[in-house]
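Visitor: The following block contains a protein sequence and its predicted model.
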Amino acid sequence: MNNDIEKTLYSAAEIKAAAHRLGMQLTEDYRDKRPILISVLKGAILWTVDVMKEMDIMAEVDFIDVSSYHGGLASTGEIQLIHDLSADVAGRNVIIMEDIIDTGRTLKFLIDLLNERHAKDIKVCTLLDKPEGRVVEAKADYVGFQLPKEFVVGYGLDYKEFYRNLPYVGVLKPEVYENDN
Ligand SMILES: O=P(O)(O)OC[C@H]1O[C@H](OP(=O)(O)OP(=O)(O)O)[C@H](O)[C@@H]1O
Ligand code: HPA
Ligand SMILES: [Mg+2]
């Protein structure tokens, strides 16, 4: 699997430092608020776990599974809700945990959904923000790294459902895509 990577963009140590930095910031901002972290499956699994371990406050966690890339390189533009939350978010301080904001469509879908359900306050904590990918307006409040316009894998992010278990974020060798087509 590691052989398929052309270059590393963010190492495991850099990601750990980002999780620590944002976890401390969230601890400060949410002291006495008892927020609920909403982890967006599947991409945000590792990021959610690493940030929440750095938060020294009372916080809940819940999961929602949405998909629009279906393992591919481009957004289909249609967000599918695969598995809903179990918690009621009405009146709650919500923190959406994402691995990446790219076109912004997934985030917009989630924010609209949480607003419909009367969340009190919604903030977004993402490992990666790719502003050049935006198709709809979407903004993150806590950002690990600003990513240039590249398709990346690792640390939760997939290509055809693989590479999520790499401990770092990197770019695939072009032949990996070529051999697939
Ligand atoms: O800003 P956008 O263009 O909407 O892209 C960002 C979303 O796309 C990816 O999810 P994906 O649909 O690939 O599902 P996955 O997390 O299960 O891989 C990623 O995890 C984000 O949730
Ligand atoms: O760069 C990406 N990699 C993997 N999944 C993604 N979903 C949106 N952007 C990406
Ligand atoms: Mg994906």
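Guide: Nice, thanks for sending it over. Ligands and ions are numbered 1, 2, ... in the order given.
Visitor: what are the ranges of the strands in this protein?
Guide: For the chain, the strands defined by DSSP state E cover 5-10, 36-41, 60-67, 80-83, 93-101, 121-129, 142-146, 169-172.
Visitor: What separation is there between the residue of the chain found nearest ligand 1 and Ala12?
Guide: In the chain, no residue comes nearer to ligand 1 than Gly43, which is 2.7 Å away by CB to the nearest ligand atom. Where you see a C-beta, it was placed from the backbone N, CA and C, and this is true even at glycine. According to CB to CB, to the nearest Å, Gly43 and Ala12 sit 17 Å apart.
Visitor: Equivalent analysis for Ser68, please.
Guide: In this view, Ser68 and Ala12 are 27 Å apart by CB to CB.
Visitor: the helices in the protein, which residues?
Guide: Secondary structure of the chain, counting by DSSP state H: helices at 12-29, 45-52, 105-116, 174-180.
Visitor: Of those helices, which stretch is the most buried?
Guide: Greatest average neighbour count among the helices of the chain goes to helix 45-52 (a mean of 22), per mean count of other CB atoms under 10 Å.
Visitor: Please name every helix or strand in contact with it.
Guide: On a contact count with 3 or more CB pairs under 8 Å, 6 or more residues apart in numbering; DSSP states H and E, helix 45-52 meets helix 12-29, strand 36-41, strand 93-101, strand 121-129.
Visitor: The first one: how far from the chain's middle?
Guide: The gap between where helix 12-29 is centred and where its chain is centred comes out at 14 Å by CA atoms, centre = their mean, to the nearest Å.
Visitor: elements contacting it?
Guide: Using 3+ CB pairs under 8 Å, 6+ apart, helix 12-29 is in contact with helix 45-52, strand 121-129, strand 142-146.
Visitor: For this protein, which residues score under the pLDDT cut-off?
Guide: 181 (pLDDT under 70).
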